[in-house]
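>>> Let me see the structure of the following:
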Amino acid sequence: MFNYPMQKRTYESVLKMIADGAGETSTREFKERLNIASTEEKHEFLADVTAMANSMGGEIIYGVRETPDGYEVVGVDQQDFDELQLRIENIIRDHTEPRLNCTIETLKGIDTEPIIVIYVEKSHKGPHRILTGKHSPFYKRNSSGKHAMDTYEIR
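Okay, here's the model as predicted:
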C-alpha cells in the first residue's frame, strides 16, 4: 500500500517512538491539533497532505506536542471520531487535484485521548495541488518541512 518502509502504527508504538526520541522526518510529521474549521486551517492541512503525496509519502500524527525536550503524546480532543474521519476524507477528496489516496486511523490509548494518524501514499499521479481560493499551489516535503514547489520542481 505505501511506497516507503513503514508499518501501521499502534498507540503503544507511537508512545515508544516518542520515548525513544524520534522526531519529524521527511516522511513523518507531528501535529498537536487537527484544526480544519476555517478556510486557512483547511489549506494548511491540505498543504501537509499534498506535500507528503508529492514527495515520498508518509504519516501525519495528530495528538503529539513539541516540547523543549522533544515530543509528548497529548491526544486529540474530539467527540465523534467517525464524523471527523468522514470530514477529513471529504476535504481531501473535494480540495485536491488529482485526488489523493490516504488512510486515516484513530489509535486509542488507556485513560488518554486518542491519536489520529493519516497515512499518505506517495503518488504516481501527481503533482497534486490544493483547490481552495484563488491560488492553487503545489507543495512538497523534505526533512525541513513542506514548501511550495517552483516551476522546475513541478516539471
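>>> In the chain, mark out all the strands, start to finish.
Counting by DSSP state E, the chain has strands at residues 28-31, 58-62, 64-67, 70-73, 96-97, 102-107, 115-120, 129-130, 139-142, 145-148.
>>> Direction included, what does the fourth one pair up with?
If you go by DSSP bridges, strand 70-73 pairs up with strand 64-67 (antiparallel).
>>> Can you show me the CA trace of the strand it pairs with as PDB?
What follows is strand 64-67, C-alpha atoms only, in PDB (Å, rounded to 0.1, in the frame of the first residue of the first chain):
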ATOM      1  CA  VAL A  64       1.700  14.900  19.700                       C
ATOM      2  CA  ARG A  65       3.100  18.200  21.200                       C
ATOM      3  CA  GLU A  66       6.600  19.500  20.700                       C
ATOM      4  CA  THR A  67       8.300  20.300  24.000                       C
END
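>>> Can you pull out the low-pLDDT segments for the protein?
1-6, 133-136, 150-152, 154-155 (pLDDT under 70).
>>> what about the helices in it?
11-19, 39-53, 81-95, 151-154 (DSSP state H).
>>> Show me the one of these that comes nearest Gly126.
For those, proximity to Gly126 was assessed by Cβ to Cβ; helix 39-53 is nearest, at 6.1 Å. Backbone N, C-alpha and C define where each C-beta goes, glycine included.
>>> Done for today, thanks.
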